[in-house]
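one predicted model, sequence on top.
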Amino acid sequence: MTPATEPAPVPLPPGVSQERVHGTEALVVDTPAARAVLHLDGAHLTSWAPAGEQDVLWLSELSEYGDGAAIRGGIPLVVPWFGPGRDSERPVKHGWIRNHPWELTAASFDGDDVVLELALKGADPDGTGIRADAVFRIGADLSVDLTLTAGSEEIEAEAALHTYLAVGDVREIEIRGLQGGDYFDNTRDLEQFRQEEPVLRLSGATDRVYGVNAEVVIEDVAGARRIVSSPRGTAKTVVWNPWSQSAAEMADMPNDAWTDFVCVEPAVAKDAAQVLPPGGALTLGVTYRVER
Ligand SMILES: O=P(O)(O)OC[C@H]1O[C@@H](O)[C@H](O)[C@@H](O)[C@@H]1O
C-alpha cells in the first residue's frame, strides 16, 4: 500500500506541489519557466527542464530510492567528505548527507523563479551536531547553494555538487574552461597531470579532480546545446564518467546508459578541504544555464 502523502511543513507557492515520486516524497515544480523534481531524501534534485528544453539532468532508470539509498543521477549533495574522504577510510562514499531525509523550510516565488530552501532533518551520525542547508532557485536558470555548518567539534570538510548532466552522446562532448588546470587522475592512482588542451574530449573512463573554480562550458554536440556551469565558493571541478566497463558493474545504471551523461562537479575536495572550527560554515554553489 502506498503511504499517504505527508502535508508540506510550509505553504507551497502556485506551481509547486508535494507528491510521491518513485515512492518517496518530492517537491514537484511546474511553472511557465521550468519543470523540476526535488526529492526530500538527500535534498536531491532529479530533474530540471527549463521551458522548451529537454531535461538538463540525467537520472538512471535503475536508480534506487528511499531509506538510505543514494539516487543515481540528478544532483547528489556530497558532504561532509568527498569519495572515500581524505584518509580514504570513511565508512560510506561521498558522505552520509545524500542518504538522509531533509525538510522544506521555505518556499517562495521570486520573479519567474521558484526558490526552495531545505535543511537536513535531524540526522547526526557523527554526534557532533553538523547542520546542512540548501537553496534551490528553479527557473530558466538553475542555482543550487549548499551550506555545511560544523557542530561542537572542528571538522575537515569536503563537499561537491555531483551533477549528472544529460548529454546526447558523452563521446562527442567538448568541455571548455579546464585548460591550464592541474588535476588528480583517479583512474591513475591520483597521479597529477596538467590539462594543456583548450578542449577536453572524453575517450574512456574519466575521473579527474581539477584545480579549477571557474566557469566550465559543456558543448553537447549530439544534443545541439551548450550547458554552462558557473560555480561559486569552490576550489575544484570534478569530471567523471565510468565508461562502458565500470557502468556494466553498476547495478543502478543500465549497461548502455553511460553515453547519456557527464558529471561535472563543482567541489571543495582533496587538498582544498576546509577546516571548519565549531560553528564554522562552508558554502558552495553553482548556476546552470542552457544555450543554443
Ligand atoms: O557511485 P558514487 O558513490 O555515486 O560515485 C560516483 C563517482 O563520483 C565521482 O565524483 C568520483 O570522482 C568517482 O570516483 C565516483 O566513482
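All right, it came through fine. Since we're looking at a predicted model, the values are computed, not measured. Numbering: from 1, shown residues only.

what pLDDT does the residue of the stretch 1-150 of the chain found nearest the ligand get?
In the stretch 1-150 of the chain, the residue that lies nearest the ligand is K93 (4.0 Å; CB to the nearest ligand atom). Where you see a C-beta, it was placed from the backbone N, CA and C, and this is true even at glycine. Each residue has a pLDDT score; the one for K93 is 93.

next one: A4
The score at A4 is 51. That number is its pLDDT.

for the one 10 residues further on, same thing?
In this model, P14 is scored at 95, pLDDT.

check contacts around it.
Residues in contact with P14 (CB atoms under 8 Å, 6 or more residues apart in numbering) are F109.

what's stretch 189-207 in contact with?
With CB under 8 Å, 6+ apart, stretch 189-207 has contacts from 170-171, 173-176, 178-187, 210, 238-243, 245-246, 262.

please apply the same query to stretch 89-105.
8-10, 18, 27, 40-44, 68-71, 76-84, 116-121, 123, 125, 132-134, 158-160, 162.

same deal with stretch 112-126?
Contacts of stretch 112-126 (CB under 8 Å, 6+ apart): 13, 15-16, 27, 29, 31-34, 36, 38, 40, 43, 96-97, 100-109, 130-140, 151.

run the chain-centre distance for that stretch.
14 Å (CA atoms, centre = their mean, to the nearest Å).

using PDB, write out every CA atom in that stretch.
Extracted C-alpha coordinates of stretch 112-126, given in PDB (Å, rounded to 0.1, in the frame of the first residue of the first chain):
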ATOM      1  CA  ASP A 112       9.700  33.800 -12.500                       C
ATOM      2  CA  ASP A 113      11.800  31.500 -10.300                       C
ATOM      3  CA  VAL A 114      10.700  29.200  -7.500                       C
ATOM      4  CA  VAL A 115      13.000  29.300  -4.500                       C
ATOM      5  CA  LEU A 116      13.000  26.200  -2.300                       C
ATOM      6  CA  GLU A 117      15.000  26.100   0.900                       C
ATOM      7  CA  LEU A 118      15.700  22.800   2.700                       C
ATOM      8  CA  ALA A 119      17.500  21.700   5.800                       C
ATOM      9  CA  LEU A 120      18.900  18.300   6.900                       C
ATOM     10  CA  LYS A 121      16.300  16.800   9.200                       C
ATOM     11  CA  GLY A 122      17.800  15.700  12.500                       C
ATOM     12  CA  ALA A 123      20.400  13.200  11.200                       C
ATOM     13  CA  ASP A 124      23.700  13.400  13.200                       C
ATOM     14  CA  PRO A 125      25.600  10.100  12.800                       C
ATOM     15  CA  ASP A 126      28.900  11.700  13.900                       C
END
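
pLDDT of it, averaged?
Averaging pLDDT along stretch 112-126 gives 94.

next, the buried residues of stretch 131-141.
Neighbour-count burial for stretch 131-141, with 16 or more other CB atoms under 10 Å as criterion, is recorded at 132-141.

now do stretch 59-66
With burial defined by 16+ other CB under 10 Å, the residues of stretch 59-66 counted as buried are 59-60, 63, 65.

same check, this time on stretch 165-180
For stretch 165-180, a neighbour-count test (16+ other CB under 10 Å) marks 165-168, 170-171, 173, 175-178 as buried.

which parts of the chain sit against the ligand?
Neighbours of the ligand within the chain, by CB under 6 Å from any ligand atom: 70, 83, 93-94, 162, 186, 207, 238, 240, 265.

counting contacts, what elements does the lengthiest strand in the chain pack onto?
Once the chain is assigned using DSSP state E, the strand that runs over the most residues is strand 281-291. In this structure, strand 281-291 makes packing contacts with strand 142-149, strand 159-161, strand 225-232, strand 261-268, judged by 3 or more CB pairs under 8 Å, 6 or more residues apart in numbering; DSSP states H and E.

tell me which of the contacts of stretch 189-207 fall in helices.
243, 245-246 (DSSP state H).

what is the burial count for G68?
Residues lying near G68 (other CB atoms under 10 Å) number 12.

give me the low-pLDDT residue ranges for the stretch 1-150 of the chain?
For the stretch 1-150 of the chain, applying pLDDT under 70 flags the ranges 1-8.

now do the strands in it.
Under the criterion DSSP state E, counting those that start in this stretch, the stretch 1-150 of the chain carries strands at the ranges 16-21, 24-30, 34-39, 44-50, 77-78, 102-110, 113-120, 131-138, 142-149.
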